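Participant: With the input below, show me the fold.
(chains A and B)
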Amino acid sequence: MPEQVVSIRPSVRDNGIMAIDDMLCMHCGACVGTCPTNAIFLNEVYLTFNEDCTQCGMCVKVCPVGAIDYPRGHKLHTMK
Amino acid sequence: MSSYQYDVVVVGAGPSGSMTARYAAAGGCKTLLIEKRQEIGSPVRCGEGLARHFVEDTKMPFDQKWVGREVKGAKIFSPNGTELTIEEAHAGNEVGIVLERDAFDKAVAKEAAKAGAEIWLKTTATAILKDDGWVRGVHAKRLEEEMNIEAKCVVAADGYESQVGRWAGFKTLLKAGDITGTLQYRLTNIGPGHDFPDYCEFWLGTIAPAGYIWVFPKDDMTANVGIGISLDRLKNRVDIKGYLDRWIAQDPRMSRAQPLDMVTGGVSTAPPIKKSVGNGIALVGDSARMIDPITGGGMAEGSATGCWPA
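Facilitator: Sure, this is the predicted structure:
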């Protein structure tokens, strides 16, 4: 059986506000239109959260591919 | 910083934006259509079903290029397995076309260009210009160039995630129950059954809480298979994908099906905002929560005339 080498997710950016997996993100904008505080910024390359975010979690649930999660250490963080 | 003057600037070159630009230009306005992406119509973010009468209403010249498949009608499946077929004769002009959206969006933009509108790609609106309670234009970035585009009327056609409307002060925020998260695969190698591929299918029930699963055929063995679920029924991350994958796994037709592409998006199921026109600005299409995937010519003409009082 081949040995598993890497177990981290290098595609995840976690700024302490929210965590985004760039490999999963489809840049569809579902989270942007859902955000009640306009804290999500999306250009064609990446998604960012700013300090207006209240961690309400609507974007976490609406993201069809699960590319958004609560930051590491948050009790609702589920990314492995 | 450079500055440009137009009568109408339309933000977003989807069908609504392009249609608005087309009618504005045809009405004699100096019109600019800006699109942040490098290609109009791509990537597709749509189930691609369209009622035939939209084509006639908007006076789009019919072109086989953007027709994926014409279907005989719709089939609606209730949770207990009852199958309701709505044939063309009864469904009237609601019987649909399954589009090739990338080609369709380009075709509408082509009409806008033909009417005299200018189109800039890779141009992102980053702010709106306001003066004296009026929207006077947009601040935009095209590649490296920052610019002010002054316009008598700004049309926000920037879709579900509309920022322009929010900047202008429109209340476009949504409640969780008015938001639907969607995921779609284009599946190929689908087997026969339920008269596939002659009907657009809608599957209801707990398989998609407060939403439905759609199967829109693209050719003999390929279909857009997607799901929409209301946000207030979702509990965890990646719930949407789980629901769709489970449904596909239990449908015998899909047992050997393979995906060709994957599309995601957010959809508003709220009623259209009450007032979609403000001082020097108009919202069209998804940004105004007009949730038919294609905005009709009526809306486009409405916003074109909206530039005259300005």
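Participant: how about residue 36, secondary structure?
Facilitator: Going with chain A. With DSSP: H, G, I helix; E, B strand; the rest coil as the basis, A:Pro36 sits in coil.
Participant: if you could check chain B rather than the one you did, that'd help
Facilitator: coil.
Participant: residues contacting it?
Facilitator: A:Asn43, A:Glu44, B:Gly12, B:Lys122, B:Thr123, B:Thr124, B:Ala125 (Cβ atoms under 8 Å, 6 or more residues apart in numbering or on different chains). Using the backbone N, CA and C atoms, a C-beta is placed for each residue, glycine as well.
Participant: can you map out the strands along the stretch 151-300 of chain B?
Facilitator: B:179-188, B:199-203, B:212-219, B:222-230, B:258-268, B:277-278, B:281-283 (DSSP state E, counting those that start in this stretch).
Participant: With mean pLDDT and distance to A:Val65 added, can I get the ones you listed in a markdown table?
Facilitator: Listed next are the strands of the stretch 151-300 of chain B as a markdown table, based on pLDDT from 0 to 100; distance: least, Cβ to Cβ, whole Å:
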| stretch | mean pLDDT | distance to A:Val65 |
| --- | --- | --- |
| strand B:179-188 | 93 | 7 |
| strand B:199-203 | 91 | 21 |
| strand B:212-219 | 92 | 17 |
| strand B:222-230 | 93 | 12 |
| strand B:258-268 | 91 | 6 |
| strand B:277-278 | 80 | 35 |
| strand B:281-283 | 87 | 28 |
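Participant: now those strands as TSV including mean neighbour count and distance to B:Lys171?
Facilitator: Below are the strands of the stretch 151-300 of chain B laid out as TSV (neighbours: other Cβ atoms under 10 Å in any protein chain shown; distance: least, Cβ to Cβ, whole Å):
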stretch	mean neighbour count	distance to B:Lys171
strand B:179-188	24	15
strand B:199-203	22	31
strand B:212-219	22	28
strand B:222-230	25	20
strand B:258-268	19	13
strand B:277-278	18	11
strand B:281-283	29	11
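Participant: so can I have a markdown table of the ones you listed showing distance to B:Asp245?
Facilitator: Supplementary listing: the strands of the stretch 151-300 of chain B in a markdown table, determined by distance: least, Cβ to Cβ, whole Å:
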| stretch | distance to B:Asp245 |
| --- | --- |
| strand B:179-188 | 9 |
| strand B:199-203 | 14 |
| strand B:212-219 | 11 |
| strand B:222-230 | 9 |
| strand B:258-268 | 11 |
| strand B:277-278 | 42 |
| strand B:281-283 | 35 |
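Participant: which stretch among the ones you listed comes nearest B:Gly116?
Facilitator: Counting by Cβ to Cβ, B:Gly116 lies closest to strand B:281-283 out of the strands of the stretch 151-300 of chain B; the figure is 19.1 Å.
Participant: Which strands and helices lie in contact with the closest one?
Facilitator: Judged by 3 or more Cβ pairs under 8 Å, 6 or more residues apart in numbering or on different chains; DSSP states H and E, the packing partners of strand B:281-283 are strand B:145-156, helix B:164-167.
Participant: contact partners of that strand?
Facilitator: So strand B:281-283 is contacted by B:20, B:128, B:135, B:153-157, B:162, B:164-165, B:168, B:170, B:172, B:273, B:276-277, B:302-303, B:306 (Cβ under 8 Å, 6+ apart).
Participant: Filtering the residues you listed by proximity to chain A, which remain?
Facilitator: Contacts with chain A within those, as defined by Cβ under 8 Å from any Cβ of the partner chain: B:Ser162.
Participant: Weed out the non-buried ones from the contacts of strand B:281-283.
Facilitator: The neighbour count (16 or more other Cβ atoms under 10 Å in any protein chain shown) marks B:20, B:128, B:135, B:153-157, B:162, B:164-165, B:168, B:170, B:172, B:273, B:276-277, B:302-303, B:306 as buried among the contacts of strand B:281-283.
Participant: Look up how far B:Tyr23 lies from the residue nearest to A:His77 when sequence neighbours are not counted.
Facilitator: Nearest non-adjacent residue to A:His77, counting by Cβ to Cβ, 6 or more residues apart in numbering or on different chains: A:Tyr70, 4.7 Å away. Using Cβ to Cβ, to the nearest Å, A:Tyr70 is found at 45 Å from B:Tyr23.
Participant: With A:Gly16 instead?
Facilitator: A:Gly16 is 47 Å from B:Tyr23, by Cβ to Cβ.
Participant: Neighbour count: these two, which is higher?
Facilitator: The neighbour count for A:Gly16 versus B:Tyr23, taken as other Cβ atoms under 10 Å in any protein chain shown, is higher for B:Tyr23 (27 against 11).
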